[in-house]
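J.: just to be clear, the model below is a prediction. Sequence and coordinates:
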Amino acid sequence: MSENKAWWKEAVIYQIYPRSFQDTNGDGIGDLKGITSRMDYLARLGVDVIWLSPIYASPNDDNGYDIADYRAIMKDFGTMADFDEMLAAAHDHGIKLVMDLVVNHTSDEHPWFVESRSSKENPKRDYYIWRPGKGNNPPNNWESFFSGSAWQLDEATGEFYLHLFSKKQPDLNWENEKVRREVYDLMTFWCEKGIDGFRMDVISMISKVPDLPDGPRKADGYGDPMPYVCNGPQVHAFLQEMNRRVLSKYDLLTVGETAGVTIDEAKKYARADGKELGMVFQFEHVGTDGKESRLGKWTCGKPDLPFLRSILNKWQKELAGVAWNSLYLENHDQPRSVSRFGDDRPKWRVLSAKMLATMLHFQQGTPYIYQGEELGMTNSHFASIEDCEDLEEINAYRQYVEEQHLLTAEEMLAAIDRVGRDNARTPMQWSSEKNAGFTAGTPWLALNPNYREINAEAALKDPDSVFYYYQKILKLRKKHPIIVYGTFEPLLETDENVYAYARVYEGKRLLVACNWRDREVSCTLFDSTKGETILSNYPAHKEGLLQPYEARVVLEG
Ligand code: ISL
Ligand code: CA
């Protein structure tokens, strides 16, 4: 293996969703001062990097993923002075800061779009993707990822603009060199402020197939844009240009959010020669919730171990030595991992959360922890669509339940409970006090009522908590380079219950095994080992088996 060492390969990233992290002024919305106030907590956990979901000026149609000014801080979150203070506090704690870069689209309230829509002759017209309709119909059949047509008719000029996401998120036209220059300029602005990297939102979608052909028809009658917008013809050229103009001038962590990425594409995005990005987020393993997906994520089931394992193992094997993996189970778009992949019943929650952490963090790649994952926070419950804030959930409900009658309200709400994005966005659970210590006011999204039991204060008092288990994993990563740089060898690849693998490095071997079941299962992997157990969620191992949700890591040699 060509061993290209880098700080961002050795690091562990903690993702903060600022809106839900810590409120300091009682408006019910998390803010930058709140993040600054929790820096000690993050340092205690031992993370190396914070990735902040977007904090730029935004009308919040999609909670900041719709940006109106890339050089200003969202009013709800504070001021640029608060930002500078937060960045300094992070650096004082030895923590780096990565910003979210959302440049596939802007807000429709961004001045570029306000100009662009004003007339066909406006110099910024070509900053976005405008097309005449087919009669009264949109230019093609594409469905937005947030429901309905991906095209919006704009009265002022009688043309349609493309929005792969909400209609308040018009897609930028990356073919236009001026657009690219604007993006590189704003990136440089943040680099000069001293940030340490970018997480690039849907960066796999910035290049569209030029003639925008109809997509394959889906069950709801719309066409799927994915084949024509993901990994498009110019995407690598654009990223190489971005790299030359900006990224190569700084020492940055870069991670592309690349929906629709394949192994072959990932090898290009995350090329080991550093000409594009450091790593990408692939989506295959978060699409393992059952195979029936008539209406995408809204008609899925429970993920199963063999399928999930085959995907993760494939990424481990295929990227080895060629590109670098990022490792995640959660983020602000995914449900809580302990509810989805583990077992959130009180009896098993802590054990299974630790098992999942073990399974993930000992693979090769840079691990990501999403706020609250280190506490084993669970999915919430949404009794009515009125309780939901996420536009993906709300729009899908309108379309599938109210307009097309493809799902009943009960089915849709059950799906939201299972995979809705609001599950990840309920406020951080700091303590058992009012509103979990998140806010003195009314939280923008209701807390998960289980905050009375599951919270950071309780975790910090309990040596067996999920928190301290993560802390231990992060310390082990610093101590044993095999965890970062060891090669990956799958084990027991056909076992129905156990996820096992080995890592190998400089004459040492690390054995990892995780029981995915709530019962004892047979496993002889550790029976003859003379190695040292460096981590487990059980005090003692039993010969020939793994206890319910047992996870064990043994270092040999
Ligand atoms: O394509 C998808 C199917 O819904 C998604 O996986 C999509 O790629 C993903 O949700 C993109 O996410 C990112 O961009 C969105 C934003 O809402 C998300 O929060 C962000 O992570 C639009 O900016
Ligand atoms: Ca606030």
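T.: Yep, that arrived. Ligands and ions are numbered 1, 2, ... in the order given.

J.: now do the contacts for Gln491.
T.: You called it Gln, but residue 491 is Leu. Ala500, Tyr501, Ala502, Leu511, Ala513, Leu525 (Cβ atoms under 8 Å, 6 or more residues apart in numbering). Bear in mind the C-beta positions are built from the backbone N, C-alpha and C, glycine included.

J.: just give the nearest non-adjacent residue to it, would you?
T.: Once flanking residues are discounted, Leu491 sits nearest to Ala500: 4.1 Å by Cβ to Cβ, 6 or more residues apart in numbering.

J.: what's the answer for Leu52, then?
T.: The nearest residue in space to Leu52 (Cβ to Cβ, 6+ apart) is Ile16, at 5.3 Å.

J.: swap in Val484?
T.: Glu10 (5.1 Å).

J.: circling back: got CSV for the contacts of Leu491, with neighbour count too?
T.: Shown next, in CSV, are the contacts of Leu491 (neighbours: other Cβ atoms under 10 Å):
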residue, neighbour count
Ala500, 22
Tyr501, 23
Ala502, 19
Leu511, 21
Ala513, 26
Leu525, 19
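
J.: mind checking which of those residues are in strands?
T.: Applying DSSP state E to the contacts of Leu491, the entries found in strands are Ala500, Tyr501, Ala502, Leu511, Ala513.

J.: measure whatever residue of the stretch 51-200 of the chain ends up closest to ligand 1 to ligand 2 for me?
T.: Nearest residue of the stretch 51-200 of the chain to ligand 1, counting by Cβ to the nearest ligand atom: Tyr65, 3.4 Å away. Distance, Tyr65 to ligand 2, using Cβ to the ion, to the nearest Å: 19 Å.

J.: Arg271 too?
T.: 41 Å.

J.: which residues does that residue contact?
T.: So Arg271 contacts Ala323 (Cβ under 8 Å, 6+ apart).

J.: could you give the bridge partners of it?
T.: Ala323 (DSSP bridges).

J.: if we can go back for a sec, and of the contacts of Leu491, the nearest to Glu556?
T.: In terms of Cβ to Cβ, no member of the contacts of Leu491 lies closer to Glu556 than Leu511, at 6.6 Å.

J.: report pLDDT for the closest one.
T.: Per-residue pLDDT puts Leu511 at 98.

J.: find the nearest non-adjacent residue to the most centrally placed residue in the chain, please.
T.: Centroid check for the chain by Cα atoms, centre = their mean gives Asn331 as the closest residue, at 3.7 Å. Leaving aside its chain neighbours, Asn331 sits nearest to Tyr370 (5.2 Å; criterion: Cβ to Cβ, 6+ apart).

J.: looks like the one you found contacts Asp333 (just checking).
T.: No. The pair Tyr370 / Asp333 is not scored as a contact, 9.8 Å apart, by Cβ atoms under 8 Å.

J.: can you list the low-confidence ranges for the protein?
T.: 1-3, 290-292 (pLDDT under 70).

J.: quick one: buried residues of the helix or strand harbouring Leu555?
T.: When elements are assigned from DSSP states H and E, Leu555 belongs to strand 551-556. Judged by neighbour count (16 or more other Cβ atoms under 10 Å), strand 551-556 contains these buried residues: Ala551, Arg552, Val553, Val554, Leu555.

J.: could I get the CA-only coordinates of it as CSV?
T.: Presented in CSV, the C-alpha positions along strand 551-556 are these (Å, rounded to 0.1, in the frame of the first residue of the first chain):
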residue,chain,number,x,y,z
ALA,A,551,-17.9,-5.8,20.3
ARG,A,552,-14.3,-6.6,20.9
VAL,A,553,-11.0,-5.4,19.5
VAL,A,554,-7.8,-7.4,20.1
LEU,A,555,-4.3,-6.3,19.2
GLU,A,556,-1.9,-9.1,18.3
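
J.: that strand packs against which elements?
T.: helix 349-361, strand 508-515, strand 532-536 (3 or more Cβ pairs under 8 Å, 6 or more residues apart in numbering; DSSP states H and E).

J.: quick one: strands adjacent to whatever helix or strand comes next after the longest one?
T.: Counting by DSSP H and E, the next helix or strand C-terminal to helix 349-361 is strand 366-370. Sheet pairing of strand 366-370 (DSSP bridges) gives strand 13-16 (parallel), strand 326-327 (parallel).

J.: how about those strands, which one is nearest ligand 2?
T.: strand 13-16 (13.9 Å; Cβ to the ion).

J.: and the closest one, does that touch ligand 1?
T.: No. Strand 13-16 lies apart from ligand 1 when judged by Cβ under 6 Å from any ligand atom; the minimum separation is 10.3 Å.

J.: how about residues contacting that strand?
T.: Outside strand 13-16, the residues touching it (Cβ under 8 Å, 6+ apart) are 35, 42, 45, 47-53, 98, 253, 331-332, 366-371.

J.: now with 6 Å?
T.: Around strand 13-16, the neighbours that count as contacts under Cβ atoms under 6 Å, 6 or more residues apart in numbering are Val47, Val49, Ile50, Trp51, Leu52, Asn331, Tyr368, Ile369, Tyr370, Gln371.
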